[in-house]
Each structure stands twice: as C-alpha cells, then as structure tokens.
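Enquirer: my questions are about this predicted structure, shown below with the sequence.
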Amino acid sequence: MVFVTLIFCYNLIKECDCMKIFFGVEIKIMADQFNKDDILFMREALSLAERAQQLDEVPVGAIVVSGGQVIGRGFNQREMAQNALLHAEMIALDEACKNAGSWRLPDATLYVTLEPCPMCAGAMVLARVSKLVYGTADPKSGAAGSVMDICRHEKLNHRMLVISGLLAEESAGLLKNFFVKKRNNKEIVDE
C-alpha cells in the first residue's frame, strides 16, 4: 500500500517539479494538493514573471483565481513606477478586488512564483484569501513560512492554506538568472 502511494506521489510530484524539494510524508501532502489546474495557473504566473523580466523588473508573477477563473493578474512593477507597493501580488489582489466587487476574496487562491513578503502576505490575510500556492521560497523576506508566517499566524483573524514548491525550479531559475545578469552588469537591485 505504501509503495503504491509513493509511486503515485512520485509521478505527480515529478510533473510538478517538486521532487527535489519535498521528501517523505510531505510528498503525499504536496501531491494531494497539486492538480492540473494548479500547474496551469502557476504556468500563467510564470509567464507574468517572464514579462516582468523583459521589463527589467525582478521576475515575479502572480494571479488570483476564484471559481476556476482568473480574476486578477500582476507582475512586479516597482522599478518602472518607483513605487514600493507594486509587487506582483499587490497588483493581482487589487485587480481581483475590483473584478469581484469586494475587498473580501474568501474563495480565492493566489498563485505566485516567489514566496510573498510581509506586505503581500498581510494583504492576502486582509483580503481573506483562502489559499496561497507559491513556487520558490524566499529565505530573505518570505512571510509564508521561511522567515516568518503571516499567512498562518495564530493571532491574526484569518489564516489560509499555504502550499509551496509548485514549479519551484522554474521560478527559482528565473530569479537566479535575473540576478546573475544584474550582478554581471554591476547593477544594484534589491532582492
């Protein structure tokens, strides 16, 4: 029984690019959480991250999904607008709230290529987002479990399901290549 479960999980995890990140029991937990729609939506977030990179922005993309439909999209625009608030998640949440006609997004899932920072995680809590799916962890400012966990903080009035590692290698690769290029050009960009 365990062997069959691990084979099933391995095949699903392999499709989601998470094999190198999660092992043991977490494989089953992660495999149960990812489906074809999750992969499709994260690929769309990756496409938005690539768009940010083309505009010389840190390549992070985000989408908000409710009822199987994308209701918000965003990619980093901090440098272009010289506005610290224009993270991918904030832009996607803003568009989602406008499209939903409400600041509350209780049935929404936010997909983002990089673990959210404290500002973005706080905005998701305030918007009552039910689920966060992110690609790669942010060991410097991640607020969904890496540095702190605003998304699931026991003292806040709302907590969400957090799932990490979906297409993590692709997300991390975009970021790594972006910063290698910046360092080679000797430009300074905050990560």
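Expert: That came in fine, so what should we check first?
Enquirer: per-residue pLDDT, residue 14?
Expert: pLDDT, residue 14: 42.
Enquirer: should've said residue 1
Expert: 34.
Enquirer: same deal with the one 10 residues further on?
Expert: pLDDT for residue 11: 39.
Enquirer: mind checking how far residue 181 is from residue 116?
Expert: Applying CB to CB, to the nearest Å, the value for residue 181 to residue 116 is 24 Å. Yep, even glycine has a C-beta here, placed from its N, CA and C like the rest.
Enquirer: higher neighbour count, these two?
Expert: residue 116 (28 against 12; other CB atoms under 10 Å).
Enquirer: so that one touches residue 129, yeah?
Expert: No - assessed by CB atoms under 8 Å, residue 116 is found out of contact with residue 129, at 10.2 Å.
Enquirer: which intervals of the protein have sub-threshold pLDDT?
Expert: 1-33, 187-191 (pLDDT under 70).
Enquirer: nearest the geometric middle of it, what residue?
Expert: Nearest to the geometric centre of the chain sits residue 112, at 2.2 Å (CA atoms, centre = their mean).
Enquirer: what sits against it?
Expert: 45, 60-63, 88-89, 92, 120, 132-135 (CB atoms under 8 Å, 6 or more residues apart in numbering).
Enquirer: mind putting those into TSV with secondary structure?
Expert: Below are the contacts of residue 112 laid out as TSV (DSSP: H, G, I helix; E, B strand; the rest coil):
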residue	secondary structure
45	helix
60	coil
61	strand
62	strand
63	strand
88	helix
89	helix
92	helix
120	helix
132	strand
133	strand
134	strand
135	strand
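Enquirer: just the CA coordinates of stretch 95-113, formatted as PDB?
Expert: What follows is stretch 95-113 as a C-alpha-only set of coordinates in PDB (Å, rounded to 0.1, in the frame of the first residue of the first chain):
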ATOM      1  CA  GLU A  95      -7.400  43.700  -9.900                       C
ATOM      2  CA  ALA A  96      -9.100  40.800  -8.200                       C
ATOM      3  CA  CYS A  97     -10.900  43.000  -5.700                       C
ATOM      4  CA  LYS A  98     -12.100  45.300  -8.500                       C
ATOM      5  CA  ASN A  99     -13.300  42.400 -10.600                       C
ATOM      6  CA  ALA A 100     -15.000  40.700  -7.600                       C
ATOM      7  CA  GLY A 101     -16.600  44.000  -6.500                       C
ATOM      8  CA  SER A 102     -15.400  43.400  -2.900                       C
ATOM      9  CA  TRP A 103     -12.300  43.600  -0.800                       C
ATOM     10  CA  ARG A 104     -13.100  40.200   0.500                       C
ATOM     11  CA  LEU A 105     -11.800  37.200  -1.600                       C
ATOM     12  CA  PRO A 106     -12.800  34.300   0.600                       C
ATOM     13  CA  ASP A 107     -12.900  31.700  -2.200                       C
ATOM     14  CA  ALA A 108      -9.800  32.900  -3.900                       C
ATOM     15  CA  THR A 109      -6.400  31.200  -4.500                       C
ATOM     16  CA  LEU A 110      -3.400  33.300  -5.100                       C
ATOM     17  CA  TYR A 111      -0.600  31.700  -7.200                       C
ATOM     18  CA  VAL A 112       2.800  33.400  -7.100                       C
ATOM     19  CA  THR A 113       6.200  32.400  -8.300                       C
END
